[in-house]
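*Asks:* Curious how this folds, go ahead:
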Amino acid sequence: MAPKKGGKKNDKPKATKSQADPLFPARTRATGIGGAIRPQGRDLSRFVKWPKYIRIQRQRAVLYQRLKVPPSINQFTKVITKNEAMTVYTLLNKYRPETKEARKQRIQESAAAAAEGKGASKKIVQLTYGLKEVTSAIEEKEAEIVFIACDVDPIELVMWMPALCRKMSVPFMIVKDKARLGALVHTKTAAVVALTRVGAEDAGQLNILKDLAMEKFNNNPDLIKKWGGGIMGLKTQAKLDKRAKAMAVEEAKKLASLGRA
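*Replies:* Predicted structure coming up:
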């Protein structure tokens with residue numbers, strides 16, 4: 001048998017490797033979940049994995065809607081209006097407590113005046129803040145009007161205070177919010193503040209606010225009796241409506257069969 005001849009030579013020219021363009025580097029396409037091009041014009045916030053504190057906030061808000069909330073807690077959802085809040089904070093801003101630097105300077109000036117034999121400085125009229133101080137002012141009937149934040153957490157810290165104000169006949173208001181009250185008294189947050197005195201020029205404004213507080217909060221029976229919550233979701237509401245309609249149809253058929261329709 002004749003020996004086999006050598007294989008055919010490949011006459012095709014070898015392809016030269018193309019150099020990669022440094023301006024446009026090649027990137028392999030990610031075919032996993034979320035690797036596709038995001039569709040335009042769609043709200044995809046539903047698919048976002050939000051931080052845990054945001055999820056807890058939203059779950060708490062939904063729970064407050066679903067569960068039956070007793071009146072003592074539900075009253076903190078009834079706050080003053082925006083216009084009333086503007087009037088309140090304009091008045092409170094005039095009686096902000098002094099800062100540490102201002103207090104130090106005032107003490108030095110009063111000491112210097114006392115050394116020179118001058119009269120004693122007048123007592124400063126300012127806001128009372130803090131649960132302990134405000135509670136004492138209410139019990140001793142020194143507080144003219146009390147302002148309670150609506151978003152104190154835990155709510156048990158101030159849940160009893162409206163009842164105490166009603167018992168001692170001290171006007172109170174529920175306002176937004178603890179950060180805004182805190183800004184008045186140079187702290188991060190404040191659960192409650194109170195006015196014990198005001199200047200003669202603001203006495204009329206204070207009386208108007210006291211009358212408003214007595215009408216809207218102290219003497220309002222809805223705040224004491226009305227429960228909150230009990231609001232079902234959209235799916236549950238639709239299911240209950242469907243069930244009620246089916247029951248109405250069955251009742252109509254029953255009456256028709258008895259000849260009472």
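*Asks:* now the helices: where do they sit in the stretch 1-150 of the chain?
*Replies:* For the stretch 1-150 of the chain, applying DSSP state H, counting those that start in this stretch gives helices covering 52-66, 71-74, 82-93, 100-115, 131-139.
*Asks:* Please save the CA atoms from the fourth one in CSV.
*Replies:* Coordinates of the C-alpha atoms in helix 100-115 are reproduced here as CSV (Å, rounded to 0.1, in the frame of the first residue of the first chain):
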residue,chain,number,x,y,z
LYS,A,100,-25.1,79.3,77.3
GLU,A,101,-22.9,82.1,76.1
ALA,A,102,-25.7,84.7,76.5
ARG,A,103,-26.5,83.4,80.0
LYS,A,104,-22.8,83.6,81.0
GLN,A,105,-22.5,87.1,79.7
ARG,A,106,-25.8,88.2,81.5
ILE,A,107,-24.5,86.7,84.8
GLN,A,108,-21.2,88.6,84.5
GLU,A,109,-23.0,91.8,83.7
SER,A,110,-25.4,91.4,86.6
ALA,A,111,-22.5,90.6,89.0
ALA,A,112,-20.7,93.8,87.8
ALA,A,113,-23.9,95.8,88.3
ALA,A,114,-24.3,94.4,91.8
ALA,A,115,-20.7,95.3,92.6
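*Asks:* returning to that earlier point: the helices of the stretch 1-150 of the chain into a markdown table, with extra columns for mean neighbour count, mean pLDDT and distance to Pro154?
*Replies:* Bear in mind the C-beta positions are built from the backbone N, C-alpha and C, glycine included. Below are the helices of the stretch 1-150 of the chain laid out as a markdown table (neighbours: other C-beta atoms under 10 Å; pLDDT from 0 to 100; distance: least, C-beta to C-beta, whole Å):
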| stretch | mean neighbour count | mean pLDDT | distance to Pro154 |
| --- | --- | --- | --- |
| helix 52-66 | 11 | 91 | 12 |
| helix 71-74 | 15 | 92 | 11 |
| helix 82-93 | 14 | 94 | 24 |
| helix 100-115 | 11 | 81 | 29 |
| helix 131-139 | 17 | 95 | 12 |
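*Asks:* Minimum distance to Lys210: which of those helices has it?
*Replies:* Closest to Lys210 of the helices of the stretch 1-150 of the chain, according to C-beta to C-beta: helix 82-93, at 11.4 Å.
*Asks:* Against which helices or strands is that closest one packed?
*Replies:* In terms of contacts (3 or more C-beta pairs under 8 Å, 6 or more residues apart in numbering; DSSP states H and E), helix 82-93 is packed against strand 172-175, helix 178-184, strand 192-195, helix 203-213.
*Asks:* Now that helix - C-alpha only, CSV.
*Replies:* Taking C-alpha atoms only, helix 82-93 is exported to CSV below (Å, rounded to 0.1, in the frame of the first residue of the first chain):
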residue,chain,number,x,y,z
LYS,A,82,-50.7,75.6,59.4
ASN,A,83,-52.0,79.2,60.0
GLU,A,84,-52.5,78.5,63.7
ALA,A,85,-49.0,77.0,63.9
MET,A,86,-47.5,80.1,62.3
THR,A,87,-49.2,82.3,65.0
VAL,A,88,-48.0,80.0,67.8
TYR,A,89,-44.4,79.8,66.7
THR,A,90,-44.2,83.5,66.1
LEU,A,91,-45.2,84.0,69.7
LEU,A,92,-42.9,81.3,71.1
ASN,A,93,-40.0,82.6,69.1
